[in-house]
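Colleague: Build the 3D model from these lines:
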Amino acid sequence: MSENILYNALKTVSQKRKSVRKFKSSKIPPEAIEKIMEIAKTSPYAGGKKDWEIIVVDNSDTIHKLKDIIKKKVEISYAGTKPEFKQMFEDYARYFYSFETAPLILIPVYKNRSGLAYAFLSDPHDVVKLDSDGIIKSIACVSMMIILAAESLGYNTCFVHGACIASDEIISELNIKKNKKVGAIIPVGYAQEDV
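Modeller: As a prediction, the model looks like this:
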């Protein structure tokens with residue numbers, strides 16, 4: 001009987017969740033961020049190695065700088081787009097920095113794996129690729145945990161993967177170790193309008 005309570009709670013949170021890209025400026029209290037991070041830390045990870053961490057950004061100036069960095073990278077990429085796909089790319093790429101109004105963004109960052117690459121003379125079964133893909137899958141898991149945790153506290157979120165187009169520039173701006181990559185940006189806040 002008690003397992004139904006947990007299932008129903010998860011079902012409610014999951015069904016309530018919608019991707020939100022415009023947020024009110026209301027700050028997220030530190031205790032709420034701590035609760036989200038507590039849940040994120042329970043995320044499963046591939047290969048028995050947690051090669052990721054979550055960067056917390058709640059400074060609006062920094063959030064706007066990151067938006068500008070990504071927008072600049074989008075503009076550079078747009079210049080190389082085939083004429084017949086320019087409009088499609090422009091429409092799609094605006095979601096890459098759709099976190100700009102959020103009072104909080106959480107950024108899962110990861111370290112590329114290459115350990116198994118040294119273990120094989122040849123790799124006919126793609127074990128090395130499986131190992132390197134594992135970290136991407138781990139980022140997806142922790143991102144979902146962040147989203148569900150935030151939603152369970154009454155906040156709105158979305159998953160912004162396109163921001164990874166400027167991974168190196170974001171890492172540099174945030175003074176994160178150079179060997180890290182951005183896995184996503186997850187904005188957290190209250191929706192500007194009812195969802």
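
Colleague: C-alpha from now on. contacts and neighbour counts both.
Modeller: Will do.

Colleague: check contacts around the residue lying closest to A150 once chain neighbours are set aside.
Modeller: Among residues not flanking A150 along the chain, I36 sits closest, at 5.9 Å (C-alpha to C-alpha, 6 or more residues apart in numbering). Contact analysis of I36 by C-alpha atoms under 8 Å, 6 or more residues apart in numbering lists 146, 149-150.

Colleague: per-residue confidence averaged over the helix or strand encompassing I36?
Modeller: If you go by DSSP states H and E, I36 is part of helix 30-40. For helix 30-40, mean pLDDT is 97.

Colleague: List the buried residues in the helix or strand just after that helix.
Modeller: Counting by DSSP H and E, the next helix or strand C-terminal to helix 30-40 is strand 52-57. Neighbour-count burial for strand 52-57, counted by 16 or more other C-alpha atoms under 10 Å, picks out 52-54, 57.

Colleague: Could you check the angle strand 52-57 makes with helix 30-40?
Modeller: Orientation check (axes from the mean of the first three to the mean of the last three C-alpha atoms, to 10 degrees): strand 52-57 against helix 30-40 gives 160 degrees.

Colleague: Name the residues of whichever helix or strand comes after strand 52-57 that come out as buried.
Modeller: Later in the chain than strand 52-57, the nearest helix or strand by DSSP H and E is helix 60-79. Under the neighbour-count criterion of 16+ other C-alpha under 10 Å, helix 60-79 has 60, 63-64, 66-67, 69-71, 73-74, 78 buried.

Colleague: mind saving the C-alpha coords of the helix or strand following helix 60-79 as CSV?
Modeller: Sequence order places helix 86-93 as the next helix or strand after helix 60-79, per DSSP H and E. Backbone C-alpha positions of helix 86-93 (Å, rounded to 0.1, in the frame of the first residue of the first chain) are rendered in CSV as follows:
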residue,chain,number,x,y,z
LYS,A,86,19.0,29.2,-41.9
GLN,A,87,15.5,29.9,-40.7
MET,A,88,15.1,26.4,-39.2
PHE,A,89,18.4,26.8,-37.3
GLU,A,90,17.5,30.3,-36.1
ASP,A,91,14.1,29.1,-34.8
TYR,A,92,15.7,26.1,-33.0
ALA,A,93,18.8,27.9,-31.6
